[in-house]
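In: based on what follows, work out the 3D shape:
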Amino acid sequence: MPAGTAGRGPSHHVSRVVNTPAIVRDLGRQPYEPVWRAMQRFTDARDAGTPDEIWLVEHDPVFTLGQAGKPEHVLAPGDIPVLQVDRGGQVTYHGPGQLVAYPLLDIKRLKVGVREYVHRIEQAVIDSLAEWNIGAARRDGAPGVYVNDAKVAALGIRVRRGCTFHGLAFNVAMDLEPFHRINPCGFAGLRVTSLHDLGGPGGIDAVKPVLLEQLAGQFGLALQATDARPEALLAA
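Out: All right, here's what the predicted structure looks like:
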């Protein structure tokens, strides 16, 4: 499939037909830290019977540095804040026009190992891109999804007591300039691209249902939307 070809293609998601209930929360646009703290609280408080959740969010501009991240990979942040967080990986950028998905899954209950979890998240993005006839691939030793050697989605996760938090950042239609202020994911000169620049849609609302379908298929989830507003969830 040629990269950059517009138009919806056939669905390629893999249905694992387990249908484990999972709640979907669309948080809209939010600053990074309150969402991060809410993920921590959710993960710390959950037990063996807690339903899984997937949170979708669009963040205000921020650079996040993983727990073992090297500050020297932040070259010139300017007016964009830098936040050290507890996920794996190095530095990345979040901003408007990027769809961030946080799968809060009990992978011990789902019987999925950490490496397989990463593989399935990447595959969900690859299959989402295929919906618009964009060929993408993963890269050994550099988690994420790439089109013609340019990164279109970054992955940074944390697993605590068999439960995941943090997740993936999918560049949909955003200003990519801030990526020039860092070594993305710790790689100097790494090219970054977006779905829109590859011929896909120009807004994240068109991408949300596609990505959710692929994530559900990869993990055998029966997704249930909630009308609950995010304010209570994000309150400290």
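
In: break down the chain into its helices, ranges please.
Out: Applying DSSP state H to the chain gives helices spanning 32-45, 107-110, 114-130, 208-219, 230-234.

In: dump the residue contacts of the residue nearest to Val159 when sequence neighbours are not counted.
Out: Spatially, and ignoring its direct neighbours in sequence, Val159 is nearest to Val114 (5.7 Å; CB to CB, 6 or more residues apart in numbering). In this view, the C-beta of every residue, glycine as well, is placed from N, C-alpha and C. Residues in contact with Val114 (CB atoms under 8 Å, 6 or more residues apart in numbering) are 107, 157, 159.

In: can you redo the residues you listed as a markdown table with neighbour count?
Out: Formatted as a markdown table, the contacts of Val114 follow (neighbours: other CB atoms under 10 Å):
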| residue | neighbour count |
| --- | --- |
| Ile107 | 20 |
| Ile157 | 21 |
| Val159 | 17 |
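
In: where does the chain have low pLDDT?
Out: 1-18, 236 (pLDDT under 70).

In: center of it - which residue?
Out: In the chain, the C-alpha nearest the mean C-alpha coordinate belongs to Leu168, at 1.6 Å (CA atoms, centre = their mean).

In: before we move on, back to that, with distance to Pro61 as added columns, please give the helices of the chain in JSON lines.
Out: Below are the helices of the chain laid out as JSON lines (distance: least, CB to CB, whole Å):
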{"stretch": "helix 32-45", "distance to Pro61": "9"}
{"stretch": "helix 107-110", "distance to Pro61": "31"}
{"stretch": "helix 114-130", "distance to Pro61": "22"}
{"stretch": "helix 208-219", "distance to Pro61": "20"}
{"stretch": "helix 230-234", "distance to Pro61": "18"}
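
In: quick one, which of the ones you listed is nearest to Pro81?
Out: Between Pro81 and these, the shortest separation by CB to CB is 8.4 Å, and it involves helix 32-45.

In: show me which residues of that closest one are buried.
Out: Neighbour-count burial for helix 32-45 flags 32-36, 38-40, 42-43 (criterion: 16 or more other CB atoms under 10 Å).

In: ignoring the adjacent residues along the chain, who's closest to Thr50?
Out: Thr50's closest residue in space is Asp106 (CB to CB, 6+ apart), at 7.3 Å.

In: could you do Phe63 as well?
Out: Spatially, and ignoring its direct neighbours in sequence, Phe63 is nearest to Val82 (4.6 Å; CB to CB, 6+ apart).

In: my read is that the one you found contacts Val74, right?
Out: Yes - Val82 is within contact range of Val74, at 5.6 Å (criterion: CB atoms under 8 Å).

In: and Glu58, how far from Arg160?
Out: To Arg160, Glu58 is 25 Å away according to CB to CB, to the nearest Å.

In: what's the answer for Gln98, then?
Out: Distance from Gln98 to Arg160, by CB to CB: 25 Å.

In: more neighbours: which of those two?
Out: Gln98 (25 against 12; other CB atoms under 10 Å).

In: show me the beta-bridge partners of the more buried one.
Out: In this entry, Gln98 is beta-bridged to Asn171, by DSSP bridges.

In: what does Val91 give?
Out: Beta-bridge partners, per DSSP bridges, of Val91: Leu65.

In: give me the neighbour count for it.
Out: Neighbours of Val91 (other CB under 10 Å): 27.

In: residues in contact with it?
Out: Taking CB under 8 Å, 6+ apart, we find Val91 in contact with 63-66, 69, 73-74, 82, 182-186.

In: so which of these comes closest to Gln214?
Out: Closest approach between those and Gln214, by CB to CB: Cys185, at 21.8 Å.
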